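Undergrad: this is a predicted model, with the sequence first.
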Amino acid sequence: MFFYIILIFTFALRKSCKVKKRGEYAVRLSGLKEGIFELTYHIGNPFFECHPHPDISGGAVDVKITVQKRSDLLVLHLMLQGAVRVVCDRCLDYYLQTIQADQEIYFKYGDHEEELDGNVIMIARDAHEIIIDQYLYEYIVLALPIKKVHPDGPGGVPGCNQEMIQKLNQHLVKEEHQAIDPGWEVLKQIIEKTN
Ligand SMILES: [Zn+2]
């Protein structure tokens, strides 16, 4: 029974992801005149449920996009600012990591869709919209620092969960005691036998 509930829930989640993917994070092209336009989006927890990443378990990110439409080219300037929930490398507790990204993508018109370079993409001249989910996801992941650690609190007080650090240290000491060098163990047995 429990398995079926999980199955139904997973299916419902996938279905809602699909709807969100096509509707919410896209730049519509049909009817778009030449010029400069601004779009704003908000990325919340549902986005990260649909686009899971092992290091991110939620967040809130504001996205501002400047769309520049020219006869030969479409330029998207994406600015992302917000915070994502990640696990601290030092104390293993969750914290909110602030992130910021500033990226430009160029879309050239052609007869098919193709990535020409990292941020230059060919799109069909009659394309109705550009789905930007994948770009948003990639820029958020790229904005994560290599070392994820709680930021210090006011006055330089460490922001880490001290209780967790204490527990981790106790665990490490225990492991050190348990880890016996096999060479030393053999030698110890020989000494014990000869005595
Ligand atoms: Zn920490």
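TA: Thanks, I have it.
Undergrad: bridge partners for Y109, pull those for me.
TA: Assessed by DSSP bridges, Y109 has beta-bridge partners I123.
Undergrad: and it, what does it touch?
TA: Residues near Y109 by CB atoms under 8 Å, 6 or more residues apart in numbering: D72, L73, L74, M122, I123, A124, R125. Every C-beta, even on glycine, is put in place using the N, C-alpha and C of the backbone.
Undergrad: residue ranges with poor pLDDT in the chain?
TA: For the chain, the stretches flagged by pLDDT under 70 are 1-23, 179-188, 190-195.
Undergrad: how about the residues of it that lie near the ion?
TA: For the chain, the residues in contact with the ion (CB under 5 Å from the ion) are C88, R90, C91, H150, C160.
Undergrad: do I have it right that the first one meets I165?
TA: To tie it back to what came earlier, the one meant is C88. No: between C88 and I165 there is no contact under CB atoms under 8 Å: 9.8 Å.
Undergrad: neighbour-wise, which of the two wins?
TA: Counted by other CB atoms under 10 Å, C88 and I165 do not tie: C88 has more neighbours, with 20 against 16.
Undergrad: give me the phi and psi angles of the more buried one.
TA: As for C88, its main-chain torsions (degrees, to the nearest 10) stand at phi -70, psi 130.
Undergrad: how about the secondary structure of E176?
TA: Secondary structure of E176, reduced to three states by DSSP: H, G, I helix; E, B strand; the rest coil: helix.
Undergrad: quick one: it from N169, how far?
TA: E176 sits 11 Å away from N169, going by CB to CB, to the nearest Å.
Undergrad: likewise I140?
TA: 33 Å.
Undergrad: then H51?
TA: According to CB to CB, H51 stands 35 Å off from N169.
Undergrad: just I146 next, same as before
TA: According to CB to CB, I146 and N169 sit 24 Å apart.
Undergrad: per-domain residue ranges of the chain.
TA: 2-155, 161-195 (automatic domain parsing).
Undergrad: strands of this protein, start to end?
TA: Under the criterion DSSP state E, the chain contains strands at 26-28, 35-43, 59-69, 73-87, 94-110, 114-117, 120-124, 129-131.
Undergrad: could you dump the fourth one to PDB, C-alpha only?
TA: Below are the C-alpha coordinates for strand 73-87, written out as PDB (Å, rounded to 0.1, in the frame of the first residue of the first chain):
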ATOM      1  CA  LEU A  73      19.900  37.900 -32.900                       C
ATOM      2  CA  LEU A  74      18.200  37.500 -29.600                       C
ATOM      3  CA  VAL A  75      20.300  38.300 -26.400                       C
ATOM      4  CA  LEU A  76      19.200  37.100 -23.000                       C
ATOM      5  CA  HIS A  77      21.000  38.800 -20.100                       C
ATOM      6  CA  LEU A  78      20.200  36.800 -16.900                       C
ATOM      7  CA  MET A  79      20.800  38.100 -13.400                       C
ATOM      8  CA  LEU A  80      20.200  35.700 -10.500                       C
ATOM      9  CA  GLN A  81      20.200  36.600  -6.900                       C
ATOM     10  CA  GLY A  82      19.100  34.600  -3.900                       C
ATOM     11  CA  ALA A  83      20.000  31.700  -1.600                       C
ATOM     12  CA  VAL A  84      19.900  27.900  -1.800                       C
ATOM     13  CA  ARG A  85      19.700  25.400   1.100                       C
ATOM     14  CA  VAL A  86      22.900  23.300   1.200                       C
ATOM     15  CA  VAL A  87      24.800  21.100   3.600                       C
END
